[in-house]
Structures are given as C-alpha cells and as structure tokens.
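K.L.:
Any chance you can model this:
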Amino acid sequence: MATTAAAAASRTATDQLPRILSTYRSLLRAIERLPKEQARRNGWKEAREAFRKPLDEEAESVEDRILAAGEQIAFLRITTPKPKARGEDAGRWVYKSGEKIKDGSATSNRTGKGVHSNWDGKNLDPCSVKRHNQGLKRAGFVNNAHAKGIF
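P.N.:
Below you'll find the predicted structure:
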C-alpha cells in the first residue's frame with residue numbers, strides 16, 4: 001500500500017517537474033539578491049535541503065512544498081533590495097553636442113531652485129484644469145450658483 005502511495009506521489013512530482021524547477025530557480029534567484037554572503041549561503045543550503053528531502057507520505061505533498069517555497073519567495077521579494085540595473089549603459093544618459101556624456105558633468109543650471117514648469121498662476125496647465133473639473137463633476141459640484149446667490 002505504501003509503495004502505491006509513493007508511486008502516486010512520484011507520478012505527481014514528475015507531472016509537476018517544470019513547475020517545481022521554476023519555483024526552485026525563482027527561490028535561488030531571490031536568495032542570490034540577499035545582501036550578506038553568509039545569509040546567501042544559509043539560504044541556498046536551506047533551499048537545497050527543503051527541495052531534496054524525501055516526501056512524508058501523509059504529512060506533506062509536492063503542492064505543499066511549492067506553496068511553502070512561494071511564500072518564502074514572496075517574503076524575500078519584500079525584504080531584499082531591488083536588483084541593480086545591469087550593464088554600464090543602463091539608466092539615464094545625456095548627449096551634448098552629439099556626444100554621450102558619461103562622467104556626470106551634465107548638470108542643470110537650475111541648482112537650488114524648485115521644480116520648473118511652464119505653468120504658473122497666470123497661465124494654467126490645460127490638463128490640470130481638465131482633471132480638476134472632472135474631479136468636481138465626480139464629487140457632484142455642478143455649478144457654484146448656491147455660493148453666488150440669486151442676483
């Protein structure tokens with residue numbers, strides 16, 4: 001009887017092999033982003049042991065292990081820093097006179113000033129006005145006749 005249960009468990013594990021491998025790889029990638037070397041080593045060791053140990057026939061299934069690994073991946077995604085952009089050309093760069101500036105010398109002339117905008121109190125941004133009017137309409141303000149009074 002135990003051999004048929006083990007055979008059924010191995011059959012389900014074989015059927016789910018792509019999902020198991022995908023989860024395992026995702027877990028290892030998440031562990032790889034841990035900032036401390038010792039934490040990475042411990043994480044890899046724990047992940048290997050968790051995936052390689054034999055299944056208890058009654059206690060857990062392949063699905064349970066995949067769900068536990070998914071929870072660990074979710075936790076690591078929340079707690080580990082985001083991966084840095086790969087490659088030296090990743091991010092922003094500035095071209096000046098047709099040449100790419102790499103050393104960070106492309107700074108703005110507006111040091112110490114606030115945010116620059118074409119729109120101020122005298123000329124309103126049409127998009128902002130439209131968004132304001134849509135918000136008023138959504139809130140139920142049809143007009144301001146109640147505030148003006150009847151003349």
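K.L.:
from here on, contacts and neighbour counts on C-alpha atoms
P.N.:
Fine.
K.L.:
what's the span of stretch 27-43, first residue to last?
P.N.:
Taking CA to CA, to the nearest Å, stretch 27-43 runs 9 Å from one end to the other.
K.L.:
same question for that stretch, mean pLDDT?
P.N.:
Model confidence over stretch 27-43 averages 90 on the pLDDT scale.
K.L.:
and it, how far out from the chain's middle?
P.N.:
How far stretch 27-43 lies from its chain's middle: 18 Å, per CA atoms, centre = their mean, to the nearest Å.
K.L.:
And that stretch, what's buried?
P.N.:
Across stretch 27-43, burial judged by 16 or more other CA atoms under 10 Å covers 27-28, 30-34, 40, 43.
K.L.:
what about the protein, any weak spots by pLDDT?
P.N.:
Residues of the chain meeting the criterion pLDDT under 70: 1-13, 57-58, 83-92, 102-116, 150-151.
K.L.:
what about the strands in the chain?
P.N.:
Remark: strands assigned in the chain by DSSP state E are 94-96, 99-101.
K.L.:
right, and the ones you listed - which one's nearest residue 147?
P.N.:
Comparison of the strands of the chain against residue 147 by CA to CA identifies strand 94-96 as nearest, at 51.9 Å.
K.L.:
other SSEs contacting that closest one?
P.N.:
Applying 3 or more CA pairs under 8 Å, 6 or more residues apart in numbering; DSSP states H and E, one finds that strand 94-96 contacts strand 99-101.
K.L.:
what does the strand it packs on rub up against?
P.N.:
Under the criterion CA atoms under 8 Å, 6 or more residues apart in numbering, residues 93-95 lie in contact with strand 99-101.
K.L.:
Next, count neighbours for residue 97.
P.N.:
7 (other CA atoms under 10 Å).
K.L.:
Report the contact partners of it.
P.N.:
For residue 97, no residue meets the contact criterion (CA under 8 Å, 6+ apart).
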